[in-house]
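1. Compute the structure for the input listed below.
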Amino acid sequence: IKGCSLLNSGTAAIHLALILLGVKEGDEVISSTFTYSATINPVRYQTAIPILIDSEKDTWNMSPELLEQAINDRIAKGKKPKAVILVHLYGMPSKMEELMNIAGKYEIPVIEDAAEAIGSTYKGKPLGSFGEMGIFSFNGNKIITTSGGGALVSNNPDYCKRATFLATQARDEAPHY
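-> Below you'll find the model as predicted:
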């Protein structure tokens, strides 16, 4: 991970990730059905449309087969998804190799909701480090808690710099500030 933006919540981190990826009104964002509303609410904040994908039985996370079916369905209908939000439920890694290959095949960026997965790995690599951005939460019910807070991490430090800029009232360095 080459950058981190500390925020007031994991929900805020997902919201900023969507903004950074250019998700706008009417865009479609794919996510898991088995998640908390905090994963989906930011999609609606952008007035985008969530496309929910069911879980597979091994990890209870997004099914790679159903992801590819949904992408093909949406493309056939003229609506290529703008992003995929993968959720690592209860710290259990999603089938990252398969899911990342599918998203890469269709050139759809991945946001990893690793809010419940701090310290979890997939094939020795930390969750939250596979996609364009990873999201963590420090809410009272998480693995590491500060009673609130969140983080957006990325291998692209520009994402984190931009997220921090937006989260701090988008103030530039003008002398009048």
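2. what's the distance between residue 152 and residue 83?
-> Residue 152 is 14 Å from residue 83, where distance means C-beta to C-beta, to the nearest Å. All C-beta atoms are positioned from the backbone trio N, CA, C, and that covers glycine.
3. just the strands in the protein please.
-> Here the chain has its strands, by DSSP state E, at 3-7, 28-32, 49-53, 83-87, 110-113, 121-122, 125-126, 133-137, 150-154.
4. Run me through the strand neighbours of the fifth one, direction for each.
-> What that stands for is strand 110-113. strand 83-87 (parallel), strand 133-137 (parallel) (DSSP bridges).
5. For residue 72, grab the count of nearby residues.
-> Counted with other C-beta atoms under 10 Å, the neighbours of residue 72 add up to 11.
6. for the protein, longest helix please?
-> Using DSSP state H, we find that the single longest helix of the chain is helix 64-76.
7. Overlap of the contact sets of residue 152 and residue 83?
-> Counting by C-beta atoms under 8 Å, 6 or more residues apart in numbering, the common neighbours of residue 152 and residue 83 are residue 17.
8. pretty sure residue 139 contacts residue 118?
-> No: assessed by C-beta atoms under 8 Å, residue 139 is found out of contact with residue 118, at 11.6 Å.
9. Report the contact partners of the most centrally placed residue in the chain.
-> Centroid check for the chain by C-alpha atoms, centre = their mean gives residue 111 as the closest residue, at 2.8 Å. By C-beta under 8 Å, 6+ apart, the contact list for residue 111 reads 14, 17-18, 21, 83-86, 131-135.
10. Go again with 6 Å.
-> Residues in contact with residue 111, defined by C-beta atoms under 6 Å, 6 or more residues apart in numbering, are 17, 83, 85, 131, 133.
11. What's opposite it in the beta bridge?
-> Applying DSSP bridges, one finds that residue 111 bridges with residue 85, residue 133.
12. Can you give me the pLDDT of it?
-> We have a pLDDT of 98 for residue 111.
13. go on, residue 170?
-> Value for residue 170, per-residue pLDDT: 85.
14. got the CA coordinates for stretch 165-177 in CSV?
-> What follows is stretch 165-177, C-alpha atoms only, in CSV (Å, rounded to 0.1, in the frame of the first residue of the first chain):
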residue,chain,number,x,y,z
PHE,A,165,-8.3,16.9,0.0
LEU,A,166,-12.1,16.2,-0.5
ALA,A,167,-12.5,15.1,3.1
THR,A,168,-11.0,18.3,4.5
GLN,A,169,-13.5,20.6,2.8
ALA,A,170,-11.5,20.7,-0.5
ARG,A,171,-9.6,23.7,0.7
ASP,A,172,-6.8,24.8,-1.6
GLU,A,173,-3.7,26.6,-0.5
ALA,A,174,-5.0,30.0,-1.3
PRO,A,175,-3.8,32.8,1.0
HIS,A,176,-7.4,33.8,2.0
TYR,A,177,-7.6,30.5,3.9
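15. Great, nothing more from me.
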